[in-house]
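J.: Have a look at this prediction, sequence included:
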Amino acid sequence: MNLRINSEYGTLRAVLMHRPGKEIDRLTPYNKEFLLFEDVPYLEALQKEHDAFSNLIKESTGAHVYQLRELLIRVLYDKEILFKLLQESLKRSTHTHLAADILERYSTAECAGILTAGLKVHELRRKMPKLDAGELMEYAFLIAPCPNLYFQRDPMALTPGGIIFSSMKMEGRQREADLLRTIFENHPEFKDHVNPLYPNNGQANPPSIEGGDVIILSHEAVAIGNSERTDEKAIYQAAKALLGEGTVQRVYEVHLPEKRNYMHLDTVFTILDENLVLTYPDAMNAVLKTSCYTLKEIQGDKVHIKREVLKESLLTVLEREIPHLEVLATADGNPDYSLREQWFDGANVFAIGPRRVISYNRNLHTNRALRNMGVEVLEIPSSELSRGLGGPRCMTMPLSRARV
């Protein structure tokens, strides 16, 4: 495993997922917006659906499914790493001084749970009866939970040239990216294979970029969405690193409308084979501006790139990059069903091999259209998984695929 991927559809060999846990039970109708969630799922049913998803991946591909919790616990055996993560997690509540107390009173596995599911004042008080929580009330969070953590696509992105570690737009999700970077830079199975492209070492407050906005178009090109979650400056820096590394020749910046259902580029389209793309037509028609970054020159350790603003739609870019392109619209273009199924990420299927995808069972019309195009569609239950407004691609971070 070299932690580089050259396509979106090569046969899956390894993938990272996170089984939803106690962090979901932290959601209430009153805090869900603060915690950047759309609804209040039923955890037990959510776990059953997620288990069905991960089991289907194993059975249909033989791929190894890594679970984030297991990897995190292994890394946290290093107490220096654990202490640092606890301190960073306590910053928002201004109680960083409690990191040593938590480290002393909880096991490594319990600390892993705290870092993902959060910690409330009254919970720590059970271990520390004399806890001084300042102005915080008993049920306030000392460490906030990460209910979006089962969307593993967002905290980083693997590319042909290495890893883009996300700088999350919303402060409440930044700890997800911190956890992923800590795992990959320190876990014995991965640390010697990490080639970080973004952010630059030591860069403070890097511009935001999220993994769902990064899509590999071909052996020579990568697209990055300029969305409500990914900034132009981050795209420029990531493009500079990618082009300087030399594995791709073009990086496209795709300007998305700032709408909730176009949050990331992978909600607009996904690539299912060397010439087949599944799209949400309304979004494709709305994307009328793209830019192309190419390498200008390399002088010593300085990389210079140039940017050309294209008066072309995303569809035109795809047609140029993907020969003999076939485009399939969600719900086969039916405007009513397409709108409905896009709300549940109809265009966000997970390719496990060429023309083999995993899709939500609720997206009936899109799944039928895919099958009519010769795509093998494996369905997963989705009553609870879909409440977070993310699809099968959003929930998976491929770590290894067969080269195509």
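T.: Good, I have the coordinates.

J.: which one's the longest helix in the chain?
T.: Longest helix of the chain, by residue count under DSSP state H: helix 43-61.

J.: now that helix: how far from the chain's centre is it?
T.: Here helix 43-61 is found 18 Å from its chain centre; the criterion is Cα atoms, centre = their mean, to the nearest Å.

J.: which phi and psi does the residue nearest to Ser291 when sequence neighbours are not counted have?
T.: Once flanking residues are discounted, Ser291 sits nearest to Glu253: 4.2 Å by Cβ to Cβ, 6 or more residues apart in numbering. C-betas here are computed from N, CA, C, even on glycine. Glu253 adopts backbone torsions of phi -100, psi 120, taken as degrees, to the nearest 10.

J.: again, but for Ile358
T.: phi -110, psi 130.

J.: Number the chain from 413, please
T.: Sounds good: first residue 413 from here, last item Ile770.

J.: Touching, it and Phe762? I think so.
T.: Yes - counting by Cβ atoms under 8 Å, Phe762 is a contact partner of Ile770 at 4.6 Å.

J.: returning to what we had before: beta-bridge partners for the residue nearest to Ser703, please?
T.: Note on Glu665: beta-bridge partners by DSSP bridges are Ile636, Ser703.

J.: Is it correct that it is in contact with Ile636?
T.: Yes - counting by Cβ under 8 Å, Glu665 touches Ile636, with 6.0 Å between them.

J.: Looking at the two, which is more packed in?
T.: A side-by-side neighbour count of Glu665 and Ile636, using other Cβ atoms under 10 Å, places Ile636 first with 27 against 23.

J.: what sits against the more buried one?
T.: Taking Cβ atoms under 8 Å, 6 or more residues apart in numbering, we find Ile636 in contact with 621, 625-627, 642, 647, 650-651, 663-666, 677.

J.: Contact partners for Leu497?
T.: Taking Cβ under 8 Å, 6+ apart, one finds Leu488, Leu527, Asp590, Leu591, Thr594 in contact with Leu497.

J.: and for Ile770 and Phe762, which residues touch both?
T.: In terms of Cβ under 8 Å, 6+ apart, Ile770 and Phe762 are both contacted by the residues Pro804.

J.: Quick one: the helices in the stretch 613-762 of the chain, in order.
T.: Taking DSSP state H, counting those that start in this stretch, the helices of the stretch 613-762 of the chain run over residues 644-657, 693-698, 726-733, 747-755.

J.: buried ones in the last one?
T.: So the one you mean is helix 747-755. Neighbour-count burial for helix 747-755 flags Tyr749, Ser750, Leu751, Arg752, Glu753, Gln754 (criterion: 16 or more other Cβ atoms under 10 Å).

J.: Spatially, what comes nearest to the fourth one if we skip its sequence neighbours?
T.: Among residues not flanking Arg752 along the chain, Ala743 sits closest, at 7.7 Å (Cβ to Cβ, 6+ apart).

J.: and the one you found, how far is that from Arg768?
T.: Separation of Ala743 from Arg768 (Cβ to Cβ, to the nearest Å): 20 Å.

J.: one step back: what about burial for the contacts of Leu497, which qualify?
T.: Buried members of these, scored by 16+ other Cβ under 10 Å, are Leu488, Leu527, Asp590, Leu591, Thr594.

J.: Next SSE downstream of the strand or helix carrying the fourth one?
T.: Okay, so that is Leu591. Using DSSP states H and E, the element containing Leu591 is helix 583-598. Sequence order places strand 608-610 as the next helix or strand after helix 583-598, per DSSP H and E.

J.: before we move on, back to that, quickly list what's touching both of Glu665 and Ile636.
T.: Jointly contacting Glu665 and Ile636 under the rule Cβ under 8 Å, 6+ apart are Ile647, Ala651.

J.: Against Ala646, how distant is the closest residue to Thr691 other than its chain neighbours?
T.: In space, and not counting its chain neighbours, Thr691 is closest to Phe681: 4.2 Å by Cβ to Cβ, 6+ apart. With distances taken as Cβ to Cβ, Phe681 is found 21 Å from Ala646.

J.: what about the two, which has more around it?
T.: The residue with more neighbours, out of Phe681 and Ala646, is Phe681; 27 against 24, by other Cβ under 10 Å.

J.: quick revisit: for Thr520, which of the helices of the stretch 613-762 of the chain is the nearest?
T.: helix 644-657 (33.5 Å; Cβ to Cβ).

J.: circling back to that earlier point, in terms of pLDDT, where does the residue nearest to Arg752 sit?
T.: The score at Ala743 is 90. That number is its pLDDT.

J.: Give the buried residues for stretch 508-521.
T.: Leu510, Ala511, Ile514, Leu515, Tyr518, Thr520.

J.: how long is that stretch from one end to the other?
T.: Start and end residues of stretch 508-521 are separated by 20 Å (Cα to Cα, to the nearest Å).

J.: For it, the averaged confidence score.
T.: What stretch 508-521 shows for mean pLDDT is 96.

J.: Which residues outside that stretch are in contact with it?
T.: Contact partners of stretch 508-521, identified using Cβ under 8 Å, 6+ apart, comprise 485, 488-489, 491, 494-495, 498-499, 502, 523, 526, 531, 536, 539-540, 554.

J.: Against Leu415, how distant is the nearest residue to Gly422 once chain neighbours are set aside?
T.: Closest residue in space to Gly422, ignoring its immediate chain neighbours: Arg813 at 3.5 Å, by Cβ to Cβ, 6+ apart. Distance from Arg813 to Leu415, counting by Cβ to Cβ: 11 Å.

J.: Looking at these two now, which is surrounded by more residues?
T.: Legend: neighbour count by other Cβ under 10 Å for Arg813 and Leu415, higher for Arg813 (24 against 19).
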